[in-house]
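Visitor: Could you look at this predicted model? Sequence included:
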Amino acid sequence: MRKYRPVRKAVFPVAGLGTRFLPATKAVPKEMLTIVDRPVIQYVVDEARAAGIEHFVFVTGRNKAVIEDHFDVQVELQNTLAERGRQEALDILARALPAPGQTSFTRQQAPLGLGHAVWCAREIVGNEPFALLLPDMLMQHERGCMSEMVELYGRTGGNIVSTEAVPWTETHKYGVVVKGEAVEGGFRLDGMVEKPAAGTAPSNLMINGRYILQPEIFAILASQQPGAGGEIQLTDAMLALARSQPFYGYTFTGRTFDCGSREGFIKANVAYAMTNPDMAGSLRPELEALLREPRR
């Protein structure tokens, strides 16, 4: 098997304002809102770590310092827990903590879009392939989405985009892909269309927020003209990169929750709670009782 440069770094764009969650996100970043007992961003970092990622690059904005604090040692808390013999709590904190030197933080100083956020990580990523994980999207599956993508990358190299099937009636809401010939564990990606008009989508496979990209994307983003919404669009840059490099698609078959929406956030909390053996037993009858109640 041909060896490709390994994917060691992952970029997490966390500069968004989270306006759909106001007033909850007035002082708390949306990425720090909790799904059961962990902030959203912790789930996404854990997914990257399980895929073998060694360095976590956070593209932040103002009022996001608490994310950096979350991935740091809290000395006072740890000392208090140690004094009280709370070893289980200490173990939980230790498992969530990256090793020293594994995290980097850089600022996106203006809200110029996802493509611009990725470009802001260029000096930290350097000249090597990298993973990109959108922290609003939680992927629930027996095996992590990024782990499967890294495995596909090991066979194909190039660039990888994660997709998943949606109803044909909803394809106009998403970026969708043009599906090409099959490869083991995925398919060649022959194009991407952002929010196609109803009835015109080339497939029902939406792009769901996980990517493996080659570093040449940074040079394209550096001169990328604003696209939809006046922002630097990552999809535009990927289309430009696809003229000179291969792109492959991976189809995720688990459940995806868009935690950037209130409905997706609530669904994720319920779904993850129902996989928690300490909660599922007591939660299920309560949910069933709520569903039996007449709508108000």
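Guide: Looks like it came in fine. Numbers count the residues shown, from 1 in each chain.
Visitor: The residue nearest to residue 178 when sequence neighbours are not counted: how many residues sit nearby?
Guide: In space, and not counting its chain neighbours, residue 178 is closest to residue 191: 3.5 Å by C-beta to C-beta, 6 or more residues apart in numbering. For glycine as for every other residue, the C-beta is placed from the backbone atoms N, C-alpha and C. A count of nearby residues for residue 191, using other C-beta atoms under 10 Å, gives 14.
Visitor: Need the three-state assignment for residue 191.
Guide: strand (DSSP: H, G, I helix; E, B strand; the rest coil).
Visitor: From residue 239, how far off is it?
Guide: Distance of residue 191 to residue 239, computed by C-beta to C-beta, to the nearest Å: 8 Å.
Visitor: neighbours of residue 65, just the number please.
Guide: Count around residue 65 with other C-beta under 10 Å applied: 11.
Visitor: same question for stretch 171-191, mean pLDDT?
Guide: Averaging pLDDT along stretch 171-191 gives 90.
Visitor: Quick one: end-to-end length of that stretch, please.
Guide: 15 Å (C-alpha to C-alpha, to the nearest Å).
Visitor: For stretch 33-42, which residues meet the burial criterion?
Guide: 33, 35, 36, 39, 40, 41, 42 (16 or more other C-beta atoms under 10 Å).
Visitor: For the fourth one, which residues count as its bridge partners?
Guide: So the one you mean is residue 39. residue 34 (DSSP bridges).
Visitor: Can you pull out the low-pLDDT segments for the stretch 151-296 of the chain?
Guide: 296 (pLDDT under 70).
Visitor: Can you tell me which helices and strands whichever helix or strand residue 209 is part of packs against?
Guide: Using DSSP states H and E, residue 209 sits in strand 205-213. Under the contact definition 3 or more C-beta pairs under 8 Å, 6 or more residues apart in numbering; DSSP states H and E, strand 205-213 sits against strand 130-133, strand 137-140, helix 145-156, strand 159-165, strand 175-183, helix 234-241.
Visitor: Can you add distance to residue 250 and give these back as a markdown table?
Guide: A markdown table is the format used below for these (distance: least, C-beta to C-beta, whole Å):
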| stretch | distance to residue 250 |
| --- | --- |
| strand 130-133 | 12 |
| strand 137-140 | 11 |
| helix 145-156 | 5 |
| strand 159-165 | 5 |
| strand 175-183 | 10 |
| helix 234-241 | 15 |
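Visitor: Could you point out which of these sits nearest residue 267?
Guide: Relative to residue 267, the nearest member of those by C-beta to C-beta is strand 137-140, separated by 9.6 Å.
Visitor: Adjacent strands (with direction) for that closest one?
Guide: Partners of strand 137-140 in its sheet, by DSSP bridges: strand 255-258 (antiparallel).
Visitor: what's the very next helix or strand once past the partner strand in contact with?
Guide: Next in sequence after strand 255-258, counting helices and strands by DSSP H and E, comes helix 262-274. Contact with helix 262-274 is made by 20-21, 33, 35-36, 138, 140, 255, 257-259, 279-280, 283-284, 287, as judged by C-beta atoms under 8 Å, 6 or more residues apart in numbering.
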